[in-house]
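Q: Kindly return the folded structure for what I paste below:
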Amino acid sequence: MQRIVAAGDRVYMKFFDLDFFRKEAEKEGFELFSFKGFDDSEFEEAIKDAVGLILIDRPLTEKHISVLEKCRIILALEVGYDFIDLEAATRRGIVVSNVPAYCTDEVATHAVMLLLSVSRKLLALTESVKKGEWDYNLAKPVYHVKNKRLGIVGLGKIGRSVVPKARGFGINISAYDPYVSDDIFELLGIERVYEFDDLLRICDFISLHVPLNGETHHMISERELRIMKKDAILINTCRGKVIDEYALLKALKEGWIGGAGLDVLELEPPEGINPLAQLSNVIITPHSAWYSEESLERLKRQGMEEVIRVLKGERPRYIVNPEVLAGKKLRAEN
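A: This next block holds a predicted model:
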């Protein structure tokens, strides 16, 4: 029986057992094998005969991909796929897919929640009540969000979903995305800012919605933080490594910006308590923006459907390296 391998700690964090995946694989004549170890040689042995891989944040390097003898699809069971060597998979002719739309509304809602919570200084106020205090003056100054300006960085599915949510609070919206046409900005009715630095200068809130790659790694560092307004609030619900955390810690301590709302960190989970979590003008959630019971159900179903589609010889819905299919017609192997 042909093998599908599921690996990565977060697979088991999201799904305490893999019964759904196992049953769906068996329906189509495949066997699901779960790999929970960390040893690279054991991992390579486990995957070398696999026809499909299902991964969450489990690094898949060129060396790993080089041992794949039968693999036809690598699925990132999440939106991001930065942990997969995409070029190596493409050279081997292996389809790489993700699940890009299972949590769009949840993440957009979480981003706006963080924006409101930090700007209203919710953490400081709730902590004071827990201590028996009852004084709104502890949060001063707090300003109305209406007519303030939000800068969205990245107008993909989630960035676009933020627009109507923020607009509902009377927030003006500008955005930066060099890979999106003017038509999208016009359709959304938002201002296009062509230079990233200009967006940072004019906005009261900055919300990041970009993939992690060589271009976006540490796209917010000391230089960018010094450009932002003194009372600006930075929101990140995409990938932790798009922000230089050392620079952010310095900026928040020294008052370069007003606060931050983070759902992601450079190291997850952090080793001990991340210093950012000890600041009163920062709210951190444990990479939970994606989560709802509904999104969890969508994730497993859409992900497994994609794997089975490819293994049955059908075209993938969410391929991220479409060049592997150029001039090819998928066929199911016997």
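
Q: and Met13, how many residues sit next to it?
A: Met13 has 12 neighbours, counted by other Cβ atoms under 10 Å. Heads up, the C-betas are built off the backbone N, CA and C, glycines and all.

Q: Checking it next. Helix, strand or coil?
A: Here Met13 is recorded as helix under DSSP: H, G, I helix; E, B strand; the rest coil.

Q: do the same with the one 4 residues further on
A: For Asp17, the secondary structure call by three-state DSSP comes out as coil.

Q: burial measure for it, as a count.
A: Neighbours of Asp17 (other Cβ under 10 Å): 9.

Q: what do you get for the one 4 residues further on?
A: Here the number of neighbours of Phe21 (other Cβ under 10 Å) works out to 21.

Q: Let me know the pLDDT of it.
A: Here the pLDDT value assigned to Phe21 is 95.

Q: what's the answer for Leu330, then?
A: For Leu330, pLDDT reads 53.

Q: Likewise for Asp57?
A: 89.

Q: Quick one: residues contacting it.
A: Taking Cβ atoms under 8 Å, 6 or more residues apart in numbering, we find Asp57 in contact with Gly8, Asp9, Arg10, Glu78, Phe83.

Q: How about the last one, nearest residue that isn't a chain neighbour?
A: Just to be clear, that refers to Phe83. Spatially, and ignoring its direct neighbours in sequence, Phe83 is nearest to Pro59 (5.0 Å; Cβ to Cβ, 6 or more residues apart in numbering).

Q: before we move on, back to that, name the nearest of the contacts of Asp57 relative to His287.
A: Of all the contacts of Asp57, His287 sits closest to Arg10, with 8.6 Å by Cβ to Cβ.

Q: circling back to that earlier point, arrange the contacts of Asp57 in JSON lines, one row each, with distance to Gly154 as further columns.
A: As requested, the contacts of Asp57 are exported to JSON lines (distance: Cβ to Cβ, whole Å):
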{"residue": "Gly8", "distance to Gly154": "24"}
{"residue": "Asp9", "distance to Gly154": "26"}
{"residue": "Arg10", "distance to Gly154": "22"}
{"residue": "Glu78", "distance to Gly154": "16"}
{"residue": "Phe83", "distance to Gly154": "19"}
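
Q: Which residue ranges of the stretch 51-200 of the chain form helices?
A: 62-66, 86-91, 104-119, 122-130, 157-167, 182-188, 196-202 (DSSP state H, counting those that start in this stretch).

Q: Counting by contacts, list what the shortest one packs against.
A: Right, the one you point to is helix 62-66. helix 40-47, helix 86-91 (3 or more Cβ pairs under 8 Å, 6 or more residues apart in numbering; DSSP states H and E).
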